[in-house]
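Visitor: heads up, no residue letters with this:
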């Protein structure tokens with residue numbers, strides 16, 4: 001038990017210095033970040049357009065007058 005207490009105290013001593021370190025300089029987003037976001041947006045648009053077309057067709061079928069049955 002004493003060994004665990006000593007190890008915990010040693011780790012907390014070192015961790016305090018690491019947590020007190022100044023934060024790094026904030027860098028701007030690179031090209032790869034913007035390419036990832038563009039690819040993600042392309043996937044969203046590619047899924048959104050057919051989904052909206054299907055929604056429109058479903059609403060049109062739901063609210064259009066009933067078709068007459070053939071004899």
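Guide: Looks like it came in fine. Source: prediction; values computed, not measured. Numbering: from 1, shown residues only.
Visitor: looking at this protein, which helix or strand does the model trust least?
Guide: helix 2-19 (a mean of 77; mean pLDDT, DSSP states H and E).
Visitor: tell me the helix or strand right after that one.
Guide: Next helix or strand after helix 2-19 toward the C-terminus (DSSP states H and E): helix 31-63.
Visitor: okay, buried residues for that following helix please.
Guide: Neighbour-count burial for helix 31-63 flags no residue at all (criterion: 16 or more other Cβ atoms under 10 Å). C-beta here means a position set from N, CA and C on the backbone, and glycine is covered the same way.
Visitor: avg pLDDT for it?
Guide: Model confidence over helix 31-63, given as mean pLDDT, is 93.
Visitor: and it, what does it pack onto?
Guide: In terms of contacts (3 or more Cβ pairs under 8 Å, 6 or more residues apart in numbering; DSSP states H and E), helix 31-63 is not packed against any helix or strand.
Visitor: report the distance from that helix to the chain centre.
Guide: Helix 31-63 sits 16 Å away from the centroid of its parent chain (Cα atoms, centre = their mean, to the nearest Å).
Visitor: how many neighbouring residues does residue 12 have?
Guide: Each residue near residue 12 was counted by other Cβ atoms under 10 Å, and the total is 9.
Visitor: same thing with residue 13?
Guide: 9.
Visitor: check contacts around it.
Guide: Residue 13 makes no contacts at all, as judged by Cβ atoms under 8 Å, 6 or more residues apart in numbering.
Visitor: ok, it to residue 37 distance?
Guide: In this structure, residue 13 and residue 37 are 41 Å apart, going by Cβ to Cβ, to the nearest Å.
Visitor: repeat that for residue 28.
Guide: Using Cβ to Cβ, residue 28 is found at 14 Å from residue 37.
Visitor: with residue 7 instead?
Guide: 44 Å.
Visitor: so residue 53 versus residue 42, what's the distance?
Guide: Per Cβ to Cβ, residue 53 is found 18 Å from residue 42.
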